[in-house]
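**Q** Following is a predicted model, sequence given first.
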Amino acid sequence: MNTSQTLNILLAVALVLLSVKLAFFSSDNGGGKPDESTATAAAMENIMTRTSIRDYEDRAVEDDKLELVLRAAMAAPSAGNKQPWRFVVVKDKAVLSALSAKFQTMKMVEKAPLAVVVCGDTTQIFPGEGRDYWVEDASAATENLLLAAHAQGLGAVWCGVYPLSERVRYVQELLQLPDHIVPLNVVPMGYPAEDPAPKDKWNPSFIHYELWDNADAAAQQAVAAKANDASAKAWKKIDPHELRENPFDFFSNALALTVGTKDKLNAMTIGWGGLGVLWGKDRPVITVYVEKRRYTHQFMEDNDYFTVTAFTKDYDSTLHYLGTVSGRDEDKIKGSGLTLKFTDAGNPAFEEGRLILECKKLYGAPFDPAGFGELAKQEYSNRPLHSVYIGEIVNAWVKE
């Protein structure tokens with residue numbers, strides 16, 4: 001039996017041992033045959049506990065572990081099975097130091113016993129628009145590499161190279177890569193000399209179902225849960241003069257301006273405004289500003305009433321959505337997951353709020369640039385004017 005055959009047998013045994021290790025990781029089944037749930041838990045455990053390691057022990061990585069890592073990398077999916085990934089294993093301390101000294105984001109490379117440079121072979125790519133599939137393939141290979149390293153007790157971190165041209169040229173020259181070999185990243189690897197906690201990156205708001213415009217179901221559920229909590233509290237009508245809102249804090253919190261009718265309405269977030277009195281001490285008013293290019297602007301022009309709903313901080317992300325998506329493009333009320341509530345006069349507001357102000361429009365007009373000082377001139381040097389709307393607060397409700 002030659003050396004190559006012996007090595008292949010050893011690697012096959014190592015793969016089996018690694019599989020058994022993963023299958024029984026965190027297992028308490030008494031050493032019996034691993035079931036599907038145990039294997040799933042082990043695989044998820046390896047994925048969820050992997051984290052970036054930037055400090056390493058002064059200890060070499062065994063050749064069999066390194067080859068197992070590279071085998072895992074080459075087990076990645078590949079578009080058209082072109083397998084454009086190529087790997088350069090660097091153990092030379094002078095080269096590792098050169099990488100570390102050149103790039104601020106690769107300082108840890110000098111501490112590692114080795115680094116794997118994951119590259120793409122641009123002769124093994126699709127023509128035309130598919131030419132960059134090699135990036136996806138090599139990225140998938142890198143993730144497999146990182147997970148296999150972690151499964152064997154090693155630590156590693158992904159240091160990006162491509163598409164930054166300066167980094168690509170430097171690594172190509174340092175490693176004497178042919179022109180058709182493009183370095184995607186550098187992955188320093190070794191035995192961890194640190195034990196950082198994995199980051200919890202789960203964020204349901206990043207998930208969309210069916211179409212992008214459909215609000216994420218998990219986010220909708222979260223909003224619905226908050227709505228249920230809010231709905232458990234009753235609205236109490238108060239005299240607007242009883243309001244105890246700090247006018248400065250009020251506009252720094254989550255506020256929605258809503259205007260229209262049951263058949264046609266729109267809402268947007270507001271962050272500028274004022275509370276006070278006008279044309280008599282007994283007339284409480286609110287001032288709001290709407291830029292002329294906003295979809296809400298025409299609603300403010302066409303309607304005699306509007307509402308301002310104040311929310312708790314829990315709704316900041318929802319209000320951000322209302323402020324960044326246009327009602328011209330989609331039903332953003334539905335997309336927000338908020339529940340419309342109509343006053344006795346038929347004016348829209350939101351059930352999830354903590355305070356609703358129903359306002360009768362007293363004044364509405366765009367800013368007059370003739371009255372601008374230097375700050376206003378600077379503010380509107382490259383943007384449309386806001387219109388100023390002053391509304392008498394005719395009704396107010398608070399959540400008890």
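**A** Everything's here; your move.

**Q** buried residues in stretch 127-135?
**A** Residues 133-135 are the ones in stretch 127-135 that count as buried (16 or more other CB atoms under 10 Å). (Each C-beta comes from the backbone N, C-alpha and C, glycine too.)

**Q** If you average the pLDDT over it, what comes out?
**A** Stretch 127-135 carries an average pLDDT of 92.

**Q** and if you look at stretch 331-340?
**A** Confidence for stretch 331-340, expressed as mean pLDDT, is 89.

**Q** And stretch 59-78, by the same measure?
**A** Rounded mean pLDDT across stretch 59-78 is 97.

**Q** Also stretch 140-149?
**A** 98.

**Q** In helices, which of the buried residues of stretch 127-135 fall?
**A** Mapping the buried residues of stretch 127-135 onto helices (DSSP state H) picks out 133-135.

**Q** The closest residue in space to Lys91 that isn't next to it in sequence and Asp302, how far apart?
**A** In space, Lys91 comes closest to Leu114 once its chain neighbours are excluded; the distance is 4.7 Å by CB to CB, 6 or more residues apart in numbering. Using CB to CB, to the nearest Å, Leu114 is found at 69 Å from Asp302.

**Q** Check Ala140 too.
**A** 53 Å.

**Q** Okay, helices next: where are they in this protein?
**A** 3-24, 36-49, 63-73, 93-102, 133-151, 165-175, 217-231, 247-250, 295-302, 316-324, 332-336, 374-379.

**Q** any chance of the ones you listed in JSON lines, with distance to Ile125 too?
**A** As requested, the helices of the chain are arranged in JSON lines below (distance: least, CB to CB, whole Å):
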{"stretch": "helix 3-24", "distance to Ile125": "29"}
{"stretch": "helix 36-49", "distance to Ile125": "29"}
{"stretch": "helix 63-73", "distance to Ile125": "18"}
{"stretch": "helix 93-102", "distance to Ile125": "26"}
{"stretch": "helix 133-151", "distance to Ile125": "5"}
{"stretch": "helix 165-175", "distance to Ile125": "16"}
{"stretch": "helix 217-231", "distance to Ile125": "37"}
{"stretch": "helix 247-250", "distance to Ile125": "57"}
{"stretch": "helix 295-302", "distance to Ile125": "44"}
{"stretch": "helix 316-324", "distance to Ile125": "37"}
{"stretch": "helix 332-336", "distance to Ile125": "39"}
{"stretch": "helix 374-379", "distance to Ile125": "49"}
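
**Q** Nearest to Lys201, out of those helices?
**A** Shortest distance between Lys201 and the helices of the chain, using CB to CB, is found for helix 36-49: 9.7 Å.

**Q** buried sites along the closest one?
**A** For helix 36-49, burial by neighbour count (16+ other CB under 10 Å) applies to 38-39, 41-42, 46.

**Q** Likewise for stretch 311-329?
**A** Result for stretch 311-329 [16+ other CB under 10 Å]: buried residues 311, 315, 318-319, 321-323, 325, 327.
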